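> coords please:
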Amino acid sequence: MRIFVAASLLALAVAGCSGGAPSATNESAAAQPAHSNGFAQFRDGFIEGWFKLDPANAVYQGRHDFDGQLPDWSGAGLQRQSAFLHHAIDRARAFGDADLSPDERFERDYLIRVAEGKLFWLEDADQPHSNPAYYVGGGLDPNVYIARPYADAPTRLKALIAFFGRVPAAAQAIRANLKTPMPRSFIDYGVAGFNGFADYYVGDARKAFADVRDPALQAQLKTSSAAASKAVRDLGGWLAAQRGTATDDFALGADRFQRMVRATEGVDASLATLEAAGRADLKRNQDALAAACKQFAPGQTIPACIDKMNANKSADGPVAEARRQIPTLRAFVVAKDLVTIPGTEEAKVEESPPYNRQNSAYIDPAGPYEKNVPSVYYISPPDPSWDKKTQDAFVPGKKDLLFTSVHEVMPGHFLQFLHANRSKSMFGRVFVGYAFAEGWAHYAEEMMWEAGLDNGDPETHIGQISNALLRDCRFLSAIGMHARGMTQEQSLKMFREQCYQDEGNSRQQAARGTYDPAYLNYTLGKLMIRKLRDDWTATRGGRKAWKAFHDQFLSYGGPAIPLVRQRMMGEETARAVF
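As a prediction, the model looks like this:
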C-alpha cells in the first residue's frame with residue numbers, strides 16, 4: 001500500500017479513551033476542550049510544521065493548499081527537518097504526565113514515536129544520502145494530481161505544472177545527496193523508479209489532461225513535463241552508470257537494525273526473540289500448508305500443490321477478478337459481523353502504472369483531508385522483460401488474489417483507512433505507522449479464514465497460507481540480510497524453497513528487502529495484533545468480542561502497536577507482546 005511513513009518505505013508498497021481500565025471507545029484529546037497547558041496547540045503545530053517541511057506528504061493527505069510543492073532536499077532542507085524533529089521531541093517530553101489528560105499523554109507518546117521514527121531514517125540510516133527509495137516514494141510521484149478527482153481538471157493541471165516546475169531542482173539535490181558506490185539493488189530500484197517517472201511525466205501524465213481545452217496550459221504542460229522528465233531521466237542515467245562500482249553492502253547491521261525496530265515501532269525486543277517469533281510463525285504456516293495440500297492435492301509435493309492452486313486463474317485477468325471479489329468480501333464481513341464498515345465509499349481496481357510495479361499489488365487510499373475522492377487498488381502485470389514461464393507464474397491464482405484483495409481492500413487497508421480517516425484524532429489520521437497498517441491488513445487475511453471464508457475450502461486456505469508465507473519470508477529476510485549476513489541470493493532461495501513463491505515474486509521480494517529493511521512489519525504487526533486480540537477478548541467473551549476489538553483497535557488511527565496495547569489493556573507501560 002502507498003502511504004507516507006518514515007522516509008517512504010511504506011510507499012513501496014506510502015498515509016487515534018480514558019486511563020485506567022480500557023474503555024470500549026476512543027475518546028481522543030482532539031474531541032475534548034483544549035487545556036490551558038498548550039498541548040493541543042503544540043500537537044496541531046507539529047502537523048502543520050511537518051507539512052511545511054514535507055509538502056508532498058501534505059498533498060497526499062489531501063491538503064491541496066500545498067499543491068505543486070516538493071520537499072526541500074538540499075543539505076539545508078534536510079537539516080531543517082532534523083532540527084524540527086529533535087525540537088518536537090524535546091518539547092513533547094517537557095509535557096509531564098501530571099500536566100496532561102490520559103488522552104493527551106497518549107498523543108504525546110504517539111507524536112514522540114512518529115518523530116523518532118522519522119529521525120531514524122533521516123539520520124541513523126542516513127537514507128537521503130544512501131537510498132534512492134527515499135526519493136522514489138517521497139514525493140516525485142504526481143499520481144495524486146492525475147488519479148484523484150479532488151478538483152476540476154484545469155485546477156489539477158495547474159498544480160501538476162507547478163509540480164513539474166520544481167522537479168529539476170529536486171533532481172539536482174538528489175544527485176548531490178546520493179553517495180557512491182551504492183548497492184546494486186539500490187541502483188536497480190532507483191534506475192527503474194527515476195526512468196519510470198521520466199516516461200510517466202511525458203506519457204500518461206500528459207494524456208490525463210488531453211481534454212483540457214486551454215492552449216496556454218497545454219503549452220506549459222508540454223514544456224514543464226519535458227524538463228522534469230529530462231531531469232529524472234538524467235538522474236536515472238547517472239545511477240545506471242554507477243553499476244560498474246556497485247556493491248552488495250546494503251545491510252544496516254545488527255545494532256542499527258534493532259534500533260530501527262525500536263525507534264520506528266516501539267518494539268524493544270532482542271534479535272533472537274524476533275527471529276524465534278518469525279521462525280515459529282513460518283513453521284506454523286508450513287504445517288498448515290502441508291495439511292491443506294493433503295486435502296487439495298493428495299500425493300503431490302508442496303510446490304505441485306501451490307502450482308495447482310495458482311493454475312486456477314481468471315480468464316479475464318486479475319483486475320477483473322478483483323472487481324468481482326470485493327463485493328463478495330464486503331458481504332462476508334457484514335454477514336459475520338466482523339468489523340464496522342463506516343461510510344459508503346468504495347475502492348476502484350486498476351492496473352498499476354509502469355513506474356510503480358515493484359510490488360504485485362497495493363492501494364492508494366484517499367487522504368484524511370480529501371472529500372469524495374476514491375481509493376484505488378492497483379494490481380501489477382508481470383515484468384515484460386521476464387521469460388513467458390516467469391510471467392505466467394507471476395499472475396496470481398484466484399485464491400491467492402482473493403487474499404490480496406482481503407489485504408488491500410476488505411477488510412484490510414481500505415477499511416482500515418475508512419476508520420483512520422474518521423478517527424477523532426487528526427494526528428491519528430495523518431500518521432499511520434508501517435506495522436499498524438501492514439500488520440492489520442495481514443492480520444485480516446488470517447482472521448477472514450478463521451471466520452469461515454469459503455467454508456473451509458482447502459484451495460482457499462492454500463491461498464491464505466501462501467500470502468502468510470510470503471510475509472514470513474519477508475520477516476526472516478529482513479533480519480537475515482540486515483543483521484545475520486544473509487545475501488540477496490540466499491533470500492531469494494528462501495522465498496522459493498521455504499515460502500513457495502514463484503521466481504518473479506521471489507526476485508522482487510529479495511531485492512525489496514535490501515532497500516526496505518522494515519518489511520518485517522507485516523508479520524511483526526500481525527503477531528502483535530493477534531496477541532492483543534487474544535488478551536483483550538479473553539475477558540470479553542472471546543470470539544463474540546472480535547467486532548468490538550476490531551473497532552476499538554482501528555479507532556486510534558495508526559500508532560505504534562505497543563501504544564495501542566498499553567491503552568486497550570490498561571497497562572502501565574507500552575510494550576511489544578507477540
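
> in the stretch 251-400 of the chain, where is pLDDT below threshold?
355, 358-359 (pLDDT under 70).

> helices along that one, start to end?
With DSSP state H, counting those that start in this stretch, the ranges of helices along the stretch 251-400 of the chain come out as 254-265, 271-296, 302-311, 317-336, 388-394, 398-408.

> tell me how the chain divides into domains.
40-94+126-245, 260-343+385-569 (automatic domain parsing).

> out of these, deepest packed?
domain 260-343+385-569 (a mean of 21; mean count of other Cβ atoms under 10 Å). Glycine gets a C-beta too; all of them are placed from N, C-alpha and C.

> among the domains of the chain, which comes closest to Asp109?
Closest approach to Asp109 among the domains of the chain is made by domain 260-343+385-569 (5.7 Å; Cβ to Cβ).

> and the closest one, how far apart are its ends?
Domain 260-343+385-569 has an end-to-end distance of 25 Å (Cα to Cα, to the nearest Å).

> so which of the domains of the chain gets nearest Val373?
Val373 lies closest to domain 40-94+126-245 among the domains of the chain, at 5.0 Å (Cβ to Cβ).

> tell me the mean pLDDT for that closest one?
Here domain 40-94+126-245 scores 97 as its mean pLDDT.

> let me see the ranges of the helices in the stretch 101-250 of the chain.
Under DSSP H, counting those that start in this stretch, the stretch 101-250 of the chain gives helices at 102-119, 127-130, 133-136, 143-147, 153-177, 184-202, 204-207, 215-240.

> turn those helices into CSV, including distance to Lys348.
Shown next, in CSV, are these (distance: least, Cβ to Cβ, whole Å):
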stretch, distance to Lys348
helix 102-119, 29
helix 127-130, 32
helix 133-136, 24
helix 143-147, 9
helix 153-177, 17
helix 184-202, 19
helix 204-207, 16
helix 215-240, 25
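
> check Asp502 and give its pLDDT.
On the pLDDT scale, Asp502 is placed at 88.

> surely Gly367 touches Gln61?
Yes - in terms of Cβ atoms under 8 Å, Gly367 counts as a neighbour of Gln61; the distance is 3.9 Å.

> still on that earlier bit, among the helices of the stretch 101-250 of the chain, which comes closest to Arg543?
Arg543 sits nearest to helix 102-119 of all the helices of the stretch 101-250 of the chain, at 28.0 Å, using Cβ to Cβ.

> helices or strands up against that closest one?
Contacts defined by 3 or more Cβ pairs under 8 Å, 6 or more residues apart in numbering; DSSP states H and E place helix 102-119 against helix 39-53, helix 75-94, helix 254-265, helix 426-430, helix 561-569.

> tell me the buried residues in it?
103-119 (16 or more other Cβ atoms under 10 Å).

> contacts only, for Phe164.
When contacts are counted by Cβ atoms under 8 Å, 6 or more residues apart in numbering, Phe164 touches Pro142, Tyr201, Leu221, Ser224, Ser225, Ala227, Ala228.

> with adjacent residues omitted, what lies nearest to the fourth one?
Nearest residue to Ser224 in three dimensions, chain neighbours excluded: Phe164, at 3.7 Å (Cβ to Cβ, 6 or more residues apart in numbering).

> check the gap between that neighbour and Val202 for me.
Using Cβ to Cβ, to the nearest Å, Phe164 is found at 10 Å from Val202.

> which residues are in contact with each of the two?
Taking Cβ under 8 Å, 6+ apart as the contact rule, Phe164 and Val202 both touch Ser225.

> coming back round to it: now render the helices and strands packed on helix 102-119 as a markdown table, adding distance to Pro354.
Shown next, in a markdown table, are the helices and strands packed on helix 102-119 (distance: least, Cβ to Cβ, whole Å):
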| stretch | distance to Pro354 |
| --- | --- |
| helix 39-53 | 30 |
| helix 75-94 | 30 |
| helix 254-265 | 30 |
| helix 426-430 | 30 |
| helix 561-569 | 35 |
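
> for Thr180, find the nearest of these.
helix 75-94 (17.2 Å).

> for the closest one, which helices and strands make contact with it?
helix 39-53, helix 102-119, helix 153-177.

> nearest approach to Ala133 belongs to which of the ones you listed?
Evaluated over the helices and strands packed on helix 75-94, closeness to Ala133 peaks at helix 153-177, with 11.7 Å, by Cβ to Cβ.

> give the next helix or strand downstream of the helix or strand encompassing Ala511.
For Ala511, the host element (DSSP states H and E) is helix 503-515. Heading C-terminal from helix 503-515, the first helix or strand you meet, by DSSP H and E, is helix 521-537.

> re the thing from before, and of the domains of the chain, who's closest to Pro353?
Ranking these by proximity to Pro353 (Cβ to Cβ) places domain 40-94+126-245 first, at 6.2 Å.

> what's the farthest-apart pair in the contacts of Phe164?
Across these, no pair lies farther apart than Pro142 and Ala227, at 13.8 Å, counting by Cβ to Cβ.

> sorry, back to before: between the helices and strands packed on helix 102-119, which one is nearest to Ala280?
Relative to Ala280, the nearest member of the helices and strands packed on helix 102-119 by Cβ to Cβ is helix 254-265, separated by 17.5 Å.

> and the closest one, how far out from the chain middle?
In terms of Cα atoms, centre = their mean, to the nearest Å, the centre of helix 254-265 is found 18 Å from the chain centre.

> tell me what it is packed against?
In terms of contacts (3+ Cβ pairs under 8 Å, 6+ apart), helix 254-265 is packed against helix 102-119, helix 271-296, helix 434-450, helix 458-483, helix 521-537.

> can I get those in a markdown table with distance to Pro396?
Below are those laid out as a markdown table (distance: least, Cβ to Cβ, whole Å):
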| stretch | distance to Pro396 |
| --- | --- |
| helix 102-119 | 32 |
| helix 271-296 | 16 |
| helix 434-450 | 13 |
| helix 458-483 | 8 |
| helix 521-537 | 17 |
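
> which among those helices is found nearest to Phe209?
For the helices and strands packed on helix 254-265, the distance to Phe209 is smallest for helix 434-450, at 31.3 Å, taking Cβ to Cβ.

> could you give the mean pLDDT of the closest one?
Helix 434-450 shows an average pLDDT of 98 in the prediction.

> list the helices and strands that helix packs on?
Secondary-structure packing of helix 434-450 (3+ Cβ pairs under 8 Å, 6+ apart): helix 254-265, helix 317-336, helix 398-408, helix 413-420, helix 458-483, helix 521-537, helix 546-554, helix 561-569.

> can you convert those helices into a markdown table and add a column each for distance to Glu446?
Converted to a markdown table, these look like this (distance: least, Cβ to Cβ, whole Å):
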| stretch | distance to Glu446 |
| --- | --- |
| helix 254-265 | 20 |
| helix 317-336 | 14 |
| helix 398-408 | 9 |
| helix 413-420 | 15 |
| helix 458-483 | 6 |
| helix 521-537 | 7 |
| helix 546-554 | 13 |
| helix 561-569 | 16 |
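
> can you say which of those helices is nearest to Thr245?
When the helices and strands packed on helix 434-450 are compared by Cβ to Cβ, helix 458-483 sits nearest Thr245, at 20.8 Å.

> run the chain-centre distance for the closest one.
Its chain's average C-alpha position is 16 Å from that of helix 458-483, according to Cα atoms, centre = their mean.

> before we move on, what about stretch 197-208?
Put simply, stretch 197-208 sits 24 Å off its chain's centre (Cα atoms, centre = their mean).

> what about it, how long is it end to end?
Termini of stretch 197-208 sit 15 Å apart (Cα to Cα).
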